[in-house]
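Undergrad: structure of the sequence below:
(one chain, ligands or ions: 1)
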Amino acid sequence: MSQCRPLPPALRPGRPFLATARRPAGLPLAPRSQQGKQEGPSSATLTEAAPRAPAAPTVLSRKQEGASTDLSVILPRLKKLALPYWTESDERVSARWKLAGVFALTLGTTGVSVLFNFLNRDFFNALSAKDQAEFAEILVKFLVAICAGIPVYVLRDYYQSKLALEWRQWLTERLTAEYFYDRTFYQVQAGALVDNPDQRIAVDARAFTDTALTFSLTMFNALIDLISFSGILYSIYPPLFGALLVYSIGGTALSIYIGKPLVGLNFQQEAQEANFRYGLVRVRENAESIAFYGGEDNERRLLNSRLQGAVDNFLELLKASRNLQFFTSFYRFVIQILPAAVVAPLFFRGEIEFGVINQSASAFNHILTDVSLVVYQFETIAGFSAVVDRLGEFQEVLEGSRSGGTATVDPVALAASTDEPEAAAAEEGRITITDMPGTSGRSLLDIRDLTLRVPSSGATLVQDLTLSVTPGHSLLIMGPSGAGKTSILRTVAGLWNSGSGHIVRHGQPMGRAEGEGDIFFVPQRPYVVLGTLRDQLLYPTWAQLAGTQAAEGGSAEGASSSGDSSSSGHSTSGGGSGSSGDGSRAASAATSSSGSSSSGNTAASDAAAGSIAGSGARRRPLPSDDELRQALHTVQLSKLLERIGGNLDAVADWASTLSLGEQQRLAFARVLLAKPNLVLMDESTSALDTRNERLLYQALRDAGVTFVSVGHRPTLTQFHDSVLLLHGSGTGLDSADSGPGGWEVRPAKEMTLEKALDYMG
Ligand SMILES: Nc1ncnc2c1ncn2[C@@H]1O[C@H](COP(=O)(O)OP(=O)(O)OP(=O)(O)O)[C@@H](O)[C@H]1O
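TA: Next up, the predicted model:
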């Protein structure tokens, strides 16, 4: 009799709604592995954007070894993740009001619970007194209370979920902004700084906001509940109240002890699931290569071993969860009969009415649940700690990699601060980049004393490279595999920071501002965006004007640099760069190039003037359809256009339908449309036949674009004016062994086919 519960379950007051109605689909509550499995990394995009970067970090970072259960780590991370939306965001005022509203509704739900507690008591009193009139009256009151109470619960749930959603959107956008800021995504990928960043952004951020909000309200609810029902229980029988407190505090301590391993296991489960899914994503992306290699058995084994990792960890998680459940179940059930057993003698002695037994049991259960929040929600808390840990770690990595990138020197500050800009800019042991918006027209790119080192081993790739690229004077970078050719392009793009030296880029960055940009980078495997053929052609110069999917397509070949007020006067100013041989090279190269410090100084002043005057960027008008078609024609892709009925807005999975050679031609079409002053290309014609290669280089020359190419083919020398030969660990053309990092610059016409073949080994 005392266990009779007439309330509908939804209106059971003060129940742990984390575990029941409060869980939106996909909210990864305990055990973590049962919900929203980790989304696979979108590292595909990153891999495509930076194909030469180290392999995606599917092998987990140090954190896989175990999550932090240290509160001194978790709590600051929690604070840093949780507070900004309510204190810094633009919508903080309205967010706070909404939060206050949800708290008010939660308060309302507690009021409804208390109301039902008393109605319940009267209900049983009327029953035991066989008072029909009273009983009928209570039933009516029940109905009215249900009608009034249900909306409070439903609206509380709705507004809470809505607020969590808004918070999630804000947090995700903030993380995404940090992820893309200054190409941090590349640093994260290249340095394998953190496992599965995509999963952290997509899944963990959602779990965090949802659980943080839900849990805050649960605690608030528990507190109010505790205050309300403590009064009721204490008024019925104070010793029962005291026993309950001792029981629940002891239970909380024990459950923390038993459940502690769940935090680390939940963390690992997240990572293992993400790893497994990433393995599947890789198969999808590399289907053709795997099929050619007949590598399906290998992939299956790899996937099975990743699945095994997830299964093994989940088994551990199940065991830890089982142990905790043994305890929590006993804890929950052993105490059930206590209130009735303790209060019944009072009833037998006639000191209390019958309904009070039920009331005390109800109040007792409320308080037990409130005080035992940690016991009942331990698995949820463990999952939440893992999410806070992963997300907090990610946030720290984003902040850390931001400060660790290549230093880009502000030319305005530079001009104001010194007469020797390069000397001032070149920090010891770092690579610095200065962007000069107001080019002097004498140089497009200056490289000074650039030394590149392999990050992992510290081995020298290139030593003290000094040269300039002047308008109309194109340079081919050659050298043995692994000599550092691509690394030079990465450095100019600001993607490589291991080494020292200084780079001055005279031009506006491509892809940073709509329709602007004078320096363009083309990777070996061009990034193919989602969307129409038009989107492919407009990327990245007019990406924001292109279809939305293309705009979402992310970053890639258009890389960095900065402003330029110069005209598009590309015509020659000759001025070959480079040097020869060892120690004297740098000096002679500097002299033979644009003259380092004086021009730098002038340019810095120009930069200052340009910036003061406003943007000196050269804005490119959006190409017409005719221009797009003409560009396709020039790069020999007219047939492709015909295949799709001449429709520039045709949508296809271009990455898999276009051959690599066609993709490379498409990349040239982008350059021809954007007409940058300078384009740096990494083996951009490697998949093309020599006829097409010649046509494309000729088209670049006709368009007045100066180019720097990395390539192996000896035939390339005929399209360039100079050749930069990197020796790698070998020797130069005529010189003796120059040691690691040696280089020399030769006029291209000296590089006969025979010599080039000799040199390439
Ligand atoms: N992020 C990185 N971490 C560690 N080492 C790297 C990284 N990126 C490149 N390397 C190493 O630096 C060296 C130079 O690489 P780079 O890609 O510049 O060579 P390359 O001359 O372009 O070679 P190839 O002709 O084969 O394309 C290689 O030994 C490569 O393994």
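Undergrad: give me the neighbour count for the closest residue to the ligand within the stretch 251-400 of the chain.
TA: Using CB to the nearest ligand atom, the single residue of the stretch 251-400 of the chain nearest to the ligand is residue 397, 16.1 Å away. C-beta coordinates here come from the backbone N, C-alpha and C atoms, glycine included. The local packing of residue 397 (other CB atoms under 10 Å) involves 21 other residues.
Undergrad: just residue 166 next, same as before
TA: Using other CB under 10 Å, residue 166 has 17 other residues around it.
Undergrad: the closest residue to it other than its chain neighbours and the ligand: what is the separation?
TA: Closest residue in space to residue 166, ignoring its immediate chain neighbours: residue 95 at 7.1 Å, by CB to CB, 6 or more residues apart in numbering. Distance of residue 95 to the ligand, computed by CB to the nearest ligand atom, to the nearest Å: 41 Å.
Undergrad: check contacts around residue 95.
TA: For residue 95, the contact set (CB atoms under 8 Å, 6 or more residues apart in numbering) comprises 85-86, 89, 163, 166-167.
Undergrad: save these as JSON lines, and put in distance to residue 700 too.
TA: Rendered in JSON lines, the data for the contacts of residue 95 read as follows (distance: CB to CB, whole Å):
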{"residue": "85", "distance to residue 700": "49"}
{"residue": "86", "distance to residue 700": "53"}
{"residue": "89", "distance to residue 700": "47"}
{"residue": "163", "distance to residue 700": "54"}
{"residue": "166", "distance to residue 700": "49"}
{"residue": "167", "distance to residue 700": "49"}
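Undergrad: now tabulate the residues you listed in JSON lines and tack on pLDDT.
TA: Shown next, in JSON lines, are the contacts of residue 95 (pLDDT from 0 to 100):
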{"residue": "85", "pLDDT": "94"}
{"residue": "86", "pLDDT": "92"}
{"residue": "89", "pLDDT": "87"}
{"residue": "163", "pLDDT": "95"}
{"residue": "166", "pLDDT": "95"}
{"residue": "167", "pLDDT": "95"}
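Undergrad: of those, which pair is most distant in space?
TA: Using CB to CB, the pair of the contacts of residue 95 lying farthest apart is 89 and 163, separated by 12.7 Å.
Undergrad: which secondary element of the chain has the worst mean pLDDT?
TA: Taking all helices and strands of the chain together, the one with the lowest average confidence (mean pLDDT, DSSP states H and E) is helix 43-49, at a mean of 28.
Undergrad: got the residues of the stretch 451-600 of the chain near the ligand?
TA: Contact residues of the stretch 451-600 of the chain with respect to the ligand, defined by CB under 6 Å from any ligand atom, are listed as 454-456, 461, 479, 481-487.
Undergrad: ok, the residues you listed vs residue 79, which is closest?
TA: Within the set of those, residue 455 lies nearest residue 79; the separation is 33.1 Å, counting by CB to CB.
Undergrad: OK, contacts around the closest one?
TA: By CB under 8 Å, 6+ apart, residue 455 lies in contact with 191, 498.
Undergrad: show me where this protein dips below the pLDDT cut-off.
TA: With pLDDT under 70 as the threshold, the chain has low-confidence stretches at 1-69, 401-428, 438-441, 508-509, 511-517, 543-618, 729-739, 752-761.
Undergrad: which parts of the chain sit against the ligand?
TA: Within the chain, the positions lying close to the ligand (CB under 6 Å from any ligand atom) are 52, 54, 190, 454-456, 461, 479, 481-487.
Undergrad: so of those, which two are at opposite extremes in space?
TA: Pairwise across the residues of the chain next to the ligand, and taking CB to CB, the largest span is found between 190 and 479, at 21.2 Å.
Undergrad: sorry, back to before: secondary structure element holding the residue nearest to residue 166?
TA: helix 92-128 (DSSP states H and E).
Undergrad: how distant is that helix from the center of its chain?
TA: 41 Å (CA atoms, centre = their mean, to the nearest Å).
Undergrad: could you chop the chain up by domain?
TA: Domain ranges of the chain: 9-25+49-58+418-519+559-615+680-760, 71-399, per automatic domain parsing.
Undergrad: surely residue 672 touches residue 633?
TA: No - using CB atoms under 8 Å, residue 672 is not in contact with residue 633; the gap is 10.4 Å.
Undergrad: out of these two, which sits in the busier spot?
TA: Neighbours of residue 672 and residue 633, each counted by other CB under 10 Å, are more numerous for residue 672; the result is 24 against 13.
Undergrad: mind listing what the more buried one touches?
TA: Under the criterion of CB under 8 Å, 6+ apart, the contact list for residue 672 reads 631, 634-635, 699-700, 703, 705.
Undergrad: how does it look with 10 Å?
TA: Each residue near residue 672 by CB atoms under 10 Å, 6 or more residues apart in numbering is listed here: 537, 623, 627, 630-632, 634-635, 679, 696, 699-700, 702-703, 705.
Undergrad: buried members of those residues into PyMOL, please.
TA: In PyMOL, selecting the buried portion of these, with burial taken from 16 or more other CB atoms under 10 Å, looks like this:
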select buried, resi 537+623+630+631+632+634+635+679+696+699+700+703+705
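Undergrad: go through the contacts of residue 672 and flag which are in strands.
TA: Of the contacts of residue 672, the ones assigned to strands by DSSP state E are residue 679.
Undergrad: the nearest residue to residue 448 once chain neighbours are set aside and the ligand, how far apart?
TA: Nearest residue to residue 448 in three dimensions, chain neighbours excluded: residue 502, at 4.4 Å (CB to CB, 6+ apart). Distance check for residue 502 against the ligand: by CB to the nearest ligand atom, it reads 19 Å.
Undergrad: tell me which element residue 291 falls in.
TA: Counting by DSSP H and E, the secondary-structure element that holds residue 291 is helix 287-293.
Undergrad: which of the residues in that helix are buried?
TA: Neighbour-count burial for helix 287-293 flags residue 290 (criterion: 16+ other CB under 10 Å).
Undergrad: helices or strands up against that helix?
TA: The criterion is 3 or more CB pairs under 10 Å, 6 or more residues apart in numbering; DSSP states H and E, and the helices and strands that helix 287-293 contacts are helix 261-285, helix 296-334.
Undergrad: residue 648 - nearest residue in space that isn't next to it in sequence?
TA: Counting by CB to CB, 6+ apart, residue 534 is the residue found nearest to residue 648 once chain neighbours are left out, at 4.4 Å.
Undergrad: doesn't the one you found fall inside a helix?
TA: Yes - if the criterion is DSSP: H, G, I helix; E, B strand; the rest coil, then residue 534 is within a helix.
Undergrad: surely it meets residue 647?
TA: Yes - under the contact definition of CB atoms under 10 Å, residue 534 touches residue 647, with a separation of 9.3 Å.
Undergrad: tell me which of those two has more neighbours.
TA: residue 534 (21 against 11).
Undergrad: next up, the contacts around the closest residue to residue 705 other than its chain neighbours.
TA: By the measure of CB to CB, 6+ apart, the closest residue to residue 705 outside its immediate chain neighbours is residue 679, 5.5 Å from it. Counting by CB under 10 Å, 6+ apart, residue 679 makes contact with 474, 510, 518-522, 557, 667-668, 670-672, 700, 703, 705-709.
Undergrad: hmm, 6 Å instead?
TA: By CB atoms under 6 Å, 6 or more residues apart in numbering, the contact set of residue 679 is 520, 671, 705, 707.
Undergrad: about what we covered before: and the helix holding residue 95, what's buried?
TA: When burial is assessed from 16+ other CB under 10 Å, helix 92-128 yields the following buried residues: 95, 98-99, 102-103, 105-106, 108-117, 119-127.
Undergrad: what packs against the helix or strand in which residue 158 is found?
TA: When elements are defined using DSSP H and E, residue 158 is found to belong to helix 132-180. Using 3 or more CB pairs under 6 Å, 6 or more residues apart in numbering; DSSP states H and E as the contact criterion, the secondary-structure elements in contact with helix 132-180 are helix 92-128, helix 205-236.
Undergrad: done for today, thanks.
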